[in-house]
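**Q** Following is a predicted model, sequence given first.
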Amino acid sequence: MPKKVYVGSSLLNTDAVTLIINRFKSRDITITYDWTCHGRVQSEDELARYGLEELKGVLDCDLFFMMHPARFGTHVELGIALAANKPVVMLNDPKVEQKTFYYLPNVHRFTDLNLAFDHAMRILQP
């Protein structure tokens with residue numbers, strides 16, 4: 001069965017997220033939901049629809065990959081992933097305020113994208 005990843009980050013980081021999504025896809029990893037395709041949404045209908053898609057994406061993933069910069073929505077997604085006991089690989093920026101949740105046992109923090117990606121792939125291996 002193919003492994004599945006959800007990539008969480010800020011809309012400010014869409015280009016970098018697209019690159020990492022493509023990198024996972026090149027390794028036959030399924031992306032549970034790609035929020036970069038719709039960008040910022042405004043209407044209540046869109047917010048509700050995409051909110052459900054993002055929730056489902058986090059719950060359906062085998063691994064939550066979080067990239068800084070991370071804003072409010074990303075931290076909600078992180079909370080969902082942690083509550084669902086998903087492994088989390090975080091591309092952390094030590095210059096941003098560190099949160100207690102970044103230091104839970106199932107959160108693996110890296111400052112180098114290649115190391116973070118390689119670790120994610122090791123977790124996803126059968």
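**A** Thanks, I have the structure now. Residues are numbered from 1 along each chain as shown.
**Q** which is the next helix or strand following the lowest-mean-pLDDT helix or strand in the chain?
**A** Averaged element by element with mean pLDDT, DSSP states H and E, the chain has its least confident helix or strand at helix 44-60 (a mean of 94). Past helix 44-60, heading to the C-terminal end, the next element that is a helix or strand (DSSP states H and E) is strand 63-67.
**Q** helices or strands up against that next one?
**A** Other elements packing on strand 63-67 under the criterion 3 or more C-beta pairs under 8 Å, 6 or more residues apart in numbering; DSSP states H and E are strand 4-8, helix 14-25, helix 72-83, strand 88-91, helix 113-124. In this view, the C-beta of every residue, glycine as well, is placed from N, C-alpha and C.
**Q** so how far is the first one off the chain centroid?
**A** Put plainly, it is strand 4-8. Remark: strand 4-8 is offset 4 Å from the chain centroid, using C-alpha atoms, centre = their mean, to the nearest Å.
**Q** next one: stretch 63-72
**A** Using C-alpha atoms, centre = their mean, the mean C-alpha position of stretch 63-72 is found 5 Å from that of the whole chain.
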